[in-house]
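**Student:** This is the structure alone, sequence omitted:
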């Protein structure tokens, strides 16, 4: 019986080639999405060989966008953003502005209209969440202060891009494009259109925060009680797709924004971790289809026809954005290591760039040439991003070998890098120096100070140091692997050094500096896992404590004490 197999061909060929090139990319220590984009290029109408159905691919890409935005919403953490808000919020907004102006200026020189140049610049300003998280995770930086700043910075970028997806359709006519199909009946008064759009978005957000935030977790809890795994997964997927479509059909806002808020309300549920785990395979499958479909839109001929344009785009992404980010981080008086890490994290573009480019084409604001330049910029920047990260250490070493340059860049005159003059010198003798003020460091410090034990904190996060000083707790800002930080904490006269969980190489550096400055200091270390604790014990560089091990000891002691007391009562 004859039947249409276009969808099967697209999935079979697309997944097969994506697997092959994704594997090659992973072997080369590149993000697998480079392979997915290449797979899309191979099966596109612009290259010889197998040609998949582009219309079907675009529909699947819409689902991919929904699940990508749903995942962004589930990972969005307001608490993480608030921890680094003083640098992430202004830094990200200024960096987006700088990159957009660079892209806009170059496009205007090429003779593009203002509206096209603006959307083009905006598309070059936002980094990829997928690439960033993988790069930081591979280097063990996700839980570091530098990693948290980079992730917080990207969260702000994501929010700005979500806002852009909302405003762009309403302002398309003003920018020289065409009104979206869904909004064709809206008044031609652009300010009225913009006002109505923002009103609808506000109504949708209010609906999700007031009703959705309570209703969705309630539904998930009700289904979870049934004990059916497939029904629970179906509930989460149905919430993502239904809310995304409902936001479009009822409120007239983009399905991407709807999916983003669907992820945020699912995150509010007690079953958010389970929802994330069980929908991860489905989200990844549709994300792969999204990147494959994006690759299908790319025309490789642009590499030959407009190499200088591509070079300019890659320069904006990898040099312009990076230099702007580094300058902004240094302006906020963070160390050069933080500046280089954030700069490298943002030296690429990804999924939001593709979403903006696709929206720009649908609104008549971008041409296929602009889309091809954005895709080429993404391919090259994502591919080269790992090399940018590898260059951080050599660049930092080169800067520090030139003392005049190091003094210029390394927070000269920073008041947080030194203890306040008000700290009594008697307090800085026989004190405990605590490196890191995370969950473990905070609990230990609270316990020690409750017993009137003197504590000085050394912490990378400037905002935490500012809060500690507001509470009149002596604290110094900086990375403890730098001798100046421990010197400012008066390690020479300290009784004890306590290290929060961190990389073992950093532990070695800090202990080496501390013992050189104070040979008699006692060193205590905290580990997050038994493997870490065993590795540190093997190094024999101090006493190490492992949370679960200590909890087991404390519980055992409590149980034995309780049994002994009960036994004594019985005998009496």
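**Tutor:** Received it, and whenever you're ready, just let me know what you need. Because the structure is a prediction, the values reported are computed rather than measured.
**Student:** Let me see the domain layout of the protein.
**Tutor:** Following automatic domain parsing, one finds the domains of the chain at 6-51+67-396, 415-547.
**Student:** Looking at those, which one is packed in the most?
**Tutor:** Mean neighbour count, computed with mean count of other CB atoms under 10 Å, is highest for domain 6-51+67-396 among the domains of the chain, reaching a mean of 20. Yep, even glycine has a C-beta here, placed from its N, CA and C like the rest.
**Student:** Make TSV out of the domains of the chain and add mean pLDDT and distance to residue 59.
**Tutor:** As requested, those are arranged in TSV below (pLDDT from 0 to 100; distance: least, CB to CB, whole Å):
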stretch	mean pLDDT	distance to residue 59
domain 6-51+67-396	83	9
domain 415-547	82	44
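**Student:** how about the ones you listed in JSON lines, adding distance to residue 61?
**Tutor:** Rendered in JSON lines, the data for those read as follows (distance: least, CB to CB, whole Å):
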{"stretch": "domain 6-51+67-396", "distance to residue 61": "4"}
{"stretch": "domain 415-547", "distance to residue 61": "39"}
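**Student:** how would you label the residue nearest to the spatial centre of the chain: helix, strand or coil?
**Tutor:** Here the mean C-alpha position of the chain is nearest to the C-alpha of residue 151 (CA atoms, centre = their mean), at a distance of 3.1 Å. Assigned by DSSP: H, G, I helix; E, B strand; the rest coil, the conformation of residue 151 is helix.
**Student:** Please report the distance of it from residue 72.
**Tutor:** Distance, residue 151 to residue 72, by CB to CB, to the nearest Å: 12 Å.
**Student:** Residue 241 against residue 66, yeah?
**Tutor:** Yes: because the distance of 6.3 Å satisfies CB atoms under 8 Å, residue 241 is recorded as touching residue 66.
**Student:** what touches both of those two?
**Tutor:** Taking CB atoms under 8 Å, 6 or more residues apart in numbering as the contact rule, residue 241 and residue 66 both touch residue 259.
**Student:** list the helices and strands the helix or strand harbouring residue 203 packs on?
**Tutor:** Taking DSSP states H and E as the definition, residue 203 sits inside helix 190-207. Counting by 3 or more CB pairs under 8 Å, 6 or more residues apart in numbering; DSSP states H and E, the packing neighbours recorded for helix 190-207 are helix 145-171, helix 255-267.
**Student:** Show me what the first one is packed against.
**Tutor:** Contact here means 3+ CB pairs under 8 Å, 6+ apart; on that basis helix 145-171 packs against helix 78-83, helix 85-109, helix 114-123, helix 129-138, helix 190-207, helix 255-267, helix 336-345, helix 351-362.
**Student:** Equivalent analysis for the shortest one, please.
**Tutor:** Taking 3+ CB pairs under 8 Å, 6+ apart as the contact definition, the neighbouring helices and strands of helix 255-267 are helix 54-75, helix 145-171, helix 190-207, helix 213-224, helix 229-249.
**Student:** Out of those helices, flag the one nearest residue 444.
**Tutor:** For residue 444, the closest of the helices and strands packed on helix 255-267 is helix 145-171, at 18.2 Å, according to CB to CB.
**Student:** Distance from the closest one to the middle of the chain?
**Tutor:** 10 Å (CA atoms, centre = their mean, to the nearest Å).
**Student:** Run the angle between it and helix 129-138 for me.
**Tutor:** Inter-element angle recorded for helix 145-171 and helix 129-138: 180 degrees (by axes from the mean of the first three to the mean of the last three CA atoms, to 10 degrees).
**Student:** now helix 145-171 and helix 336-345, what's the angle there?
**Tutor:** Computed by the same axes, to 10 degrees, the angle between helix 145-171 and helix 336-345 is 40 degrees.
**Student:** Next, the angle from helix 145-171 to helix 190-207.
**Tutor:** Relative orientation of helix 145-171 with respect to helix 190-207: 130 degrees, computed using the same axes, to 10 degrees.
**Student:** Can you show me the strands along the stretch 301-450 of the chain?
**Tutor:** Assigned by DSSP state E, counting those that start in this stretch, the strands in the stretch 301-450 of the chain fall at 432-435.
**Student:** measure residue 28 to residue 384 for me?
**Tutor:** With CB to CB as the criterion, residue 28 and residue 384 are 12 Å apart.
**Student:** ok, back up a step: out of the helices and strands packed on helix 255-267, nearest to residue 23?
**Tutor:** The minimum distance between residue 23 and those falls on helix 54-75, with 20.4 Å, by CB to CB.
**Student:** Remind me what that closest one packs against, helices and strands.
**Tutor:** Contact partners of helix 54-75 among helices and strands, from 3+ CB pairs under 8 Å, 6+ apart: helix 6-27, helix 229-249, helix 255-267, helix 272-296, helix 351-362.
**Student:** now the angle between helix 190-207 and the second one, please.
**Tutor:** When you say that, I think you mean helix 229-249. Between the direction of helix 229-249 and that of helix 190-207, the angle (the same axes, to 10 degrees) works out to 150 degrees.
**Student:** now swap in the shortest one and tell me
**Tutor:** With the same axes, to 10 degrees applied, the angle from helix 351-362 to helix 190-207 works out at 140 degrees.
**Student:** how far off helix 272-296 does helix 351-362 point, in degrees?
**Tutor:** Helix 351-362 and helix 272-296 are oriented at 50 degrees to each other (the same axes, to 10 degrees).
**Student:** what sits up against helix 351-362?
**Tutor:** The set of residues that contact helix 351-362 without belonging to it, under CB under 8 Å, 6+ apart, is 61, 65, 68, 116, 119-120, 122-124, 126, 128-130, 157-158, 161, 164-165, 168-169, 177, 180, 254, 256, 290-291, 294, 366-368, 370-371, 374-375, 377-378.
**Student:** for the third one, same thing?
**Tutor:** Here helix 255-267 makes contact (CB under 8 Å, 6+ apart) with 62, 65-76, 162, 165-166, 201, 204-205, 208, 212-213, 216-217, 220, 236, 239-241, 243-248, 272, 275, 355.
**Student:** let's see it at 6 Å
**Tutor:** Counting contacts by CB atoms under 6 Å, 6 or more residues apart in numbering, the residues outside helix 255-267 that touch it are 65-66, 69-70, 72-74, 76, 162, 165-166, 208, 212-213, 216, 239-240, 243-244, 247-248, 275.
**Student:** The fourth one too?
**Tutor:** Taking CB under 6 Å, 6+ apart as the criterion, the residues outside helix 272-296 that touch it are 14, 18, 33, 36-37, 39-41, 44, 54, 57, 60-61, 63-64, 67-68, 71, 74, 233, 236, 266, 354.
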